[in-house]
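# Following is a predicted model, sequence given first.
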Amino acid sequence: MSALLLSKFKERKARVGVIGLGYVGLPLAVEFAKVGFDVIGLDVDAQRTARLNRGENYIKDVDGDELAELVAAGKFKATTDYGYVRKLDAVSICVPTPLNKLKDPDVSFIVDVMDHLVENLHDDLLIVLESTTYPGTTRELVLPRLEKTGYTIGESIYLCFSPERIDPGNVHYQVHNTPKVIGGVTETCTKVGHALYQQIVETVVPVSSPESAEMVKLLENTYRSINIGLVNEIALMCEKLGVDVWEVIDAAATKPFGFMKFTPGPGLGGHCIPIDPHYLSWKMKTLDYKARFIELAGEINTDMPYHVVELVSKGLNRRQKAVNGSRILILGVAYKKDIDDVRESPALDVIKLLEEEGATVEYYDPYVRTIRWKETEKPGLKTMTPENIREMDAVVILTDHGNVNYDLVKREAKLIIDTRNVYPLNHDAHIIRLGVG
């Protein structure tokens, strides 16, 4: 392997590129710049790169002042020009990998990146794919494109996969203290990738191949998806049995071994858990194997927004009202508390379903001012007042943001559908809680 490249990594004199400056790429780029690397951020969005070059931050997990200082010091620059790759020593690819309408992997963003990269390759370049994808992507999709250029992988170009582990809003675990898994196409590739990432991450975990590293990411999120699916089904069972699922979960969590606490909710959100298991399920279908746990958990979790609407309907019926014509306030549209991320948020499904039933739906989220809705922008309420709560026929709590006045909601709302256990062990007649019989 290149002694010069390893020396650059160790002395933090390498020039590092990060492709895709979203929730994963921008925190990674900032972390590289913070420890002394010169960092180029590549993104197809010219408005985004212009904002970054002005020192403007749009990712909540990134310190805006820190970003501005790095830009001013020349340690970080954003661009749309792939020609900068010719000057880089390492590139991390952090582009989206969504599912199409058939829930098959859409790797078009990775393909587009590779089309640009092969035009700008040079000796002594490390390429690390971080975008979540199915096992085999690095070797089957990325590697052949590099080999066609004539470079020898493991000698002049180094190729690895390292799954991102970004948890938006997590104040305890961020890039530097979250262990980083990495697997190279060759043993040398792994060593080179390890040498770079150990400069910014406290613990780097090498594995034997990119396939293993790709599978690690899918196992992590499939584990969560299946356990959330399990606890969502337990919540449905408890409703039918007349049992409080929240009390059951809290009691079970007192066991110091053999149990990990998961909680039910209105469905899955975020880029990872609703999507990643389907990459594995799709891959197994190509091998004539049905991933039964994944598909069953997916069915249960996907049905939860429908169940929330059913709870709304039952609550309104008790008050001799129909969903059709009712005014309903959705409290929290981010997919989890205290963040501004609405990717795959179940709140969007709940709003859609309620509107299809004829309801007039408003929402309030202190972190999300507008959502993309039916090819336009749908603004939320700017403030939550006693007056606008009293105007509503029902309030549906989908995200329990820490700075929301839930006492005000309880005092003023005619009907509350609580999916997040904001009111534990409360059996007021106007509160209907998910998972409580």
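That came through fine.
# show me what contacts the closest residue to L42 other than its chain neighbours?
Nearest residue to L42, sequence neighbours excluded (Cβ to Cβ, 6 or more residues apart in numbering): I19, at 4.4 Å. Using the backbone N, CA and C atoms, a C-beta is placed for each residue, glycine as well. Listed by Cβ atoms under 8 Å, 6 or more residues apart in numbering, the contact set of I19 reads G25, L42, D43, V91, S92, I93, C94, V95, V113.
# Just among those, which is most surrounded?
C94 (29 neighbours; other Cβ atoms under 10 Å).
# The lengthiest helix in the chain: how far from the chain's middle?
Ranked by residue count under DSSP state H, the longest helix found in the chain is helix 210-241. Its chain's average C-alpha position is 15 Å from that of helix 210-241, according to Cα atoms, centre = their mean, to the nearest Å.
# Equivalent analysis for stretch 396-413, please.
25 Å.
# Start and end of it, how far apart?
10 Å (Cα to Cα, to the nearest Å).
# Quick one: mean pLDDT over stretch 43-63.
Stretch 43-63 shows an average pLDDT of 96 in the prediction.
# buried stuff in that stretch?
D43, V44, R48, T49, L52, N57, I59, D61, V62 (16 or more other Cβ atoms under 10 Å).
# How about stretch 109-127?
F109, I110, V113, M114, L117, N120, L121, D124, L125, L126, I127.
# tell me which of the residues you listed is nearest to E214?
Closest approach to E214 among those (Cβ to Cβ): I110, at 12.2 Å.
# Can you point out the helix or strand that includes the closest one?
helix 108-117 (DSSP states H and E).
# domain parsing for this protein?
According to automatic domain parsing, the chain comprises the domains 3-208, 228-433.
# can you put those domains in a markdown table and add distance to K217?
Formatted as a markdown table, the domains of the chain follow (distance: least, Cβ to Cβ, whole Å):
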| stretch | distance to K217 |
| --- | --- |
| domain 3-208 | 3 |
| domain 228-433 | 7 |
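# so is G183 in a helix, a strand, or just coil?
When classified by DSSP: H, G, I helix; E, B strand; the rest coil, G183 comes out as strand.
# sorry, back to before: out of the domains of the chain, nearest to L218?
Using Cβ to Cβ, those put domain 228-433 closest to L218, at 4.5 Å.
# list the helices and strands the strand or helix carrying A68 packs on?
Assigned by DSSP H and E, A68 falls within helix 64-72. Secondary-structure packing of helix 64-72 (3 or more Cβ pairs under 8 Å, 6 or more residues apart in numbering; DSSP states H and E): helix 25-34, helix 46-53, strand 76-79.
# Including distance to T138, could the ones you listed go into JSON lines?
Formatted as JSON lines, the helices and strands packed on helix 64-72 follow (distance: least, Cβ to Cβ, whole Å):
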{"stretch": "helix 25-34", "distance to T138": "18"}
{"stretch": "helix 46-53", "distance to T138": "26"}
{"stretch": "strand 76-79", "distance to T138": "25"}
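# wait, which of the ones you listed is closest to K336?
Comparing the helices and strands packed on helix 64-72 by Cβ to Cβ, helix 25-34 comes nearest, at 17.0 Å.
# Run the angle between the closest one and helix 46-53 for me.
Angle of helix 25-34 versus helix 46-53, following axes from the mean of the first three to the mean of the last three Cα atoms, to 10 degrees, is 30 degrees.
# So what's the residue count around V436?
Neighbour tally, V436, other Cβ under 10 Å: 20.
# if we can go back for a sec, which one of the helices and strands packed on helix 64-72 lies closest to I300?
Closest of these to I300 is helix 25-34, at 31.7 Å (criterion: Cβ to Cβ).
# Sort out which residues of the closest one are buried, please.
If you call a residue buried by 16+ other Cβ under 10 Å, then helix 25-34 has these buried ones: G25, L26, P27, L28, A29, V30, E31, F32, A33, K34.
# With adjacent residues omitted, what lies nearest to the first one?
Right, G25. C94 (3.5 Å).
# isn't that neighbour right up against G17?
No: counting by Cβ atoms under 8 Å, C94 stays clear of G17, with 10.5 Å between them.
# Model confidence at the residue lying farthest from the centre of the chain, what's the number?
Of all residues in the chain, Q320 has its C-alpha farthest from the mean position, at 39.8 Å, by Cα atoms, centre = their mean. Q320 is assigned 95 on the pLDDT scale.
# show me where pLDDT drops low in this structure?
Applying pLDDT under 70 to the chain flags residues 1, 425-427.
# The stretch 301-437 of the chain: helices as residue ranges?
Taking DSSP state H, counting those that start in this stretch as the criterion, the stretch 301-437 of the chain contains helices spanning 346-356, 386-390, 406-412.
# which of the residues in the last one are buried?
If I follow you right, that is helix 406-412. Using 16+ other Cβ under 10 Å as the test for burial, helix 406-412 gives Y406, V409, K410, E412.
# Leaving out the residues flanking it, which one is nearest to the last one?
Read it as E412. I389 (4.1 Å).
# ok now do that neighbour, which residues does it touch?
Contacts of I389 (Cβ under 8 Å, 6+ apart): L329, V395, L408, V409, E412, A413.
# and the buried residues of stretch 43-63, which two are the farthest apart?
Across the buried residues of stretch 43-63 (Cβ to Cβ), the longest gap, 21.4 Å, separates V44 and D61.
# closest one to K8 among the helices and strands packed on helix 64-72?
From those, taking Cβ to Cβ, the stretch that ends up closest is helix 25-34, at 12.6 Å.
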